[in-house]
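Participant: Okay, here's the prediction I keep looking at, along with the sequence it came from:
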Amino acid sequence: MNANNHRLGTVDAIRTIVGEPHPALALKVLDSLDEMSIAYIQSSPFLVLATADKDGFPDVSPKGDEPGFVAVENPGTLLIPDRKGNRLVYSLQNILANPRIAVIFMVPGTEETLRIQGQAVLTCDPDVLQRLSARGQPALLAIRLTVEKCFFHCARAFRRANLWRPESWPPRRRISFGKQIAPRLGGGDELVKQIDEFAAAENTDL
């Protein structure tokens with residue numbers, strides 16, 4: 001069977017299957033942050049950042065810290081800190097090439113999420129970095145996001161996944177960076193152990 005026979009190529013084709021949204025849903029989409037959105041961001045310890053390069057190839061990156069680690073500069077602007085990490089800077093490079101980004105904020109135990117889209121610039125303003133300090137250290141740099149679209153997403157996906165229900169969670173899976181990287185370096189079990197110990201250390205750059 002040719003897969004192209006079932007390929008969907010138009011919005012009308014999608015709507016035939018999915019249907020039309022309820023007219024009232026459009027009212028939840030805002031062009032700036034309201035009080036409920038701001039309160040959610042101030043309670044959120046985690047977000048996922050979506051960027052794309054100049055050719056439109058996408059990337060997503062998790063960011064997390066203490067609740068409220070993202071600062072609300074005003075109802076139209078967010079400041080997202082960038083801290084010490086693996087130094088791959090995929091997201092930061094993408095923002096330089098294509099400033100359109102999206103983020104989705106999460107609060108543990110709350111099944112609704114907050115989605116925001118807008119334009120981003122990078123800043124190393126010392127006052128901003130100091131404002132975004134954590135554990136006695138300023139942010140390395142910051143993403144200033146100008147909000148263009150903001151809305152809460154319903155809880156269905158989280159309910160279906162049972163994401164916040166510990167009784168449904170599988171056994172914790174341990175990811176071994178050593179087993180992935182050591183063979184590429186020509187190393188054996190000892191190098192696997194060294195890499196995994198390094199990855200497990202606090203403030204690692206792996």
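Facilitator: Perfect, I can see it now.

Participant: can I assume Pro58 is in contact with Ala50?
Facilitator: Yes: counting by Cβ atoms under 8 Å, Pro58 touches Ala50, with 6.4 Å between them. Glycine gets a C-beta too; all of them are placed from N, C-alpha and C.

Participant: Give me the more crowded residue out of those two.
Facilitator: With neighbours defined as other Cβ atoms under 10 Å, Pro58 and Ala50 compare such that Ala50 has more, 17 against 11.

Participant: export stretch 18-29 as CSV, just CAs?
Facilitator: Taking C-alpha atoms only, stretch 18-29 is exported to CSV below (Å, rounded to 0.1, in the frame of the first residue of the first chain):
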residue,chain,number,x,y,z
VAL,A,18,-10.8,16.6,13.5
GLY,A,19,-13.7,18.9,13.1
GLU,A,20,-13.9,22.6,13.9
PRO,A,21,-13.0,24.1,17.3
HIS,A,22,-15.7,25.5,19.6
PRO,A,23,-16.0,29.3,18.8
ALA,A,24,-15.4,30.2,22.5
LEU,A,25,-11.9,28.6,22.4
ALA,A,26,-10.5,31.5,20.4
LEU,A,27,-11.2,33.7,23.4
LYS,A,28,-8.6,32.0,25.5
VAL,A,29,-5.8,33.0,23.1
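
Participant: which parts of it are buried?
Facilitator: Of the residues in stretch 18-29, none is buried by neighbour count under the rule 16 or more other Cβ atoms under 10 Å.

Participant: Please work out which residues outside that stretch touch it.
Facilitator: Stretch 18-29 is contacted by residues Lys149, Cys150, Phe151, Phe152 when judged by Cβ atoms under 8 Å, 6 or more residues apart in numbering.

Participant: remind me, longest strand of the chain?
Facilitator: strand 141-153 (DSSP state E).

Participant: and that strand, C-alpha only, in CSV?
Facilitator: Only the C-alpha atoms of strand 141-153 are listed here, as CSV (Å, rounded to 0.1, in the frame of the first residue of the first chain):
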residue,chain,number,x,y,z
LEU,A,141,22.9,35.1,29.6
ALA,A,142,19.2,35.5,29.1
ILE,A,143,16.5,35.1,26.5
ARG,A,144,14.2,38.1,26.4
LEU,A,145,10.9,36.8,25.0
THR,A,146,8.4,39.3,23.6
VAL,A,147,5.0,37.6,23.9
GLU,A,148,2.8,37.4,20.8
LYS,A,149,0.4,34.6,21.7
CYS,A,150,-0.4,33.0,25.1
PHE,A,151,-2.9,30.4,26.2
PHE,A,152,-3.6,27.6,28.6
HIS,A,153,-3.7,24.1,27.1
